[in-house]
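> dropping the sequence and predicted coords here.
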Amino acid sequence: MRYVILLISAYYLFTLFEKPEVDYTYNQEEVDVLALAPPNYQLYEYMKMYSDEYDIPFDFALNCAYQETGYLGKFDFRYRPFTDRLRKSYADAFGPLQVRVPTANEMWKNRTITENDLAYDIKLNVISSFRYKQYLFRIYKDWTKVYSVYNQGWKGSDHINSYAKNITGYSNT
């Protein structure tokens, strides 16, 4: 009797469960291999890639990441942007470049951005930050003011702070 049950079970397993149709074709545009890399490498490569696209000086982008979350570059393997200390600032800004949710939503008209999007999606965080900086640069035409406003909000347009000076290397001498 035991063998009959085993034979019937095997029959059902092989005949009733069809193999699913799987598409094994590779579409390079849909796969973001960079997203599988460590966060320190992702941040560097996304900033490099999008600094050209959004006309943000790359050294300013690196300096901003350092000022915001202590990022030391591509080979900073101790960099952990997803820990609570770096994930969210006291000003409710999120992710490696510390972008606020309302600011990001202004930069993405066709999408709603959440705290988790900004905190855990490095690519989205970089693009949101760069879109905002590009928007500010169109207004002020001065990178020091852009970073001052980026850090302080609109009051930064009247008062250039040390954050902006450190990023752009500004000196009034």
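That came in fine, so what should we check first? Numbering: from 1, shown residues only.
> in this structure, what helix or strand scores lowest on average pLDDT?
Averaged element by element with mean pLDDT, DSSP states H and E, the chain has its least confident helix or strand at helix 84-87 (a mean of 62).
> the chain: strands as residue ranges?
93-94, 99-100 (DSSP state E).
> run the chain-centre distance for the first one.
Going back to what we said before, that points to strand 93-94. Chain-centre distance of strand 93-94: 11 Å, with C-alpha atoms, centre = their mean, to the nearest Å.
> do the same with the last one
If you compare the mean C-alpha spot of strand 99-100 with that of the full chain, they lie 11 Å apart, counting by C-alpha atoms, centre = their mean.
> what of stretch 107-123?
8 Å.
> from Ser162, how far off is the residue nearest in space to the middle of the chain?
By C-alpha atoms, centre = their mean, the mean C-alpha position of the chain lies nearest to Ile122, the distance being 2.2 Å. Look at Ile122 and Ser162: by C-beta to C-beta, to the nearest Å, they are 26 Å apart. Yep, even glycine has a C-beta here, placed from its N, CA and C like the rest.
> touching, Arg80 and Pro39? I think so.
Yes: between Arg80 and Pro39 there is a contact under C-beta atoms under 8 Å: 7.2 Å.
> that older thread, could the strands of the chain go into JSON lines alongside mean neighbour count and distance to Thr168?
Below are these laid out as JSON lines (neighbours: other C-beta atoms under 10 Å; distance: least, C-beta to C-beta, whole Å):
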{"stretch": "strand 93-94", "mean neighbour count": "24", "distance to Thr168": "20"}
{"stretch": "strand 99-100", "mean neighbour count": "24", "distance to Thr168": "19"}
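> how about the ones you listed in CSV, adding distance to Leu118 and mean pLDDT?
Below are the strands of the chain laid out as CSV (distance: least, C-beta to C-beta, whole Å; pLDDT from 0 to 100):
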stretch, distance to Leu118, mean pLDDT
strand 93-94, 4, 92
strand 99-100, 5, 94
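> now these in CSV, with distance to Ile167?
Formatted as CSV, those follow (distance: least, C-beta to C-beta, whole Å):
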stretch, distance to Ile167
strand 93-94, 15
strand 99-100, 15
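> out of those, which is closest to Asn166?
Across those, the minimum distance to Asn166, taken as C-beta to C-beta, is reached by strand 93-94, at 17.4 Å.
> what helices and strands are in contact with the closest one?
Packing partners of strand 93-94 (3 or more C-beta pairs under 8 Å, 6 or more residues apart in numbering; DSSP states H and E): strand 99-100, helix 115-120.
> just the helices in this protein please.
For the chain, the helices defined by DSSP state H cover 2-16, 39-53, 58-69, 84-87, 101-107, 115-120, 122-140, 143-152, 162-168.
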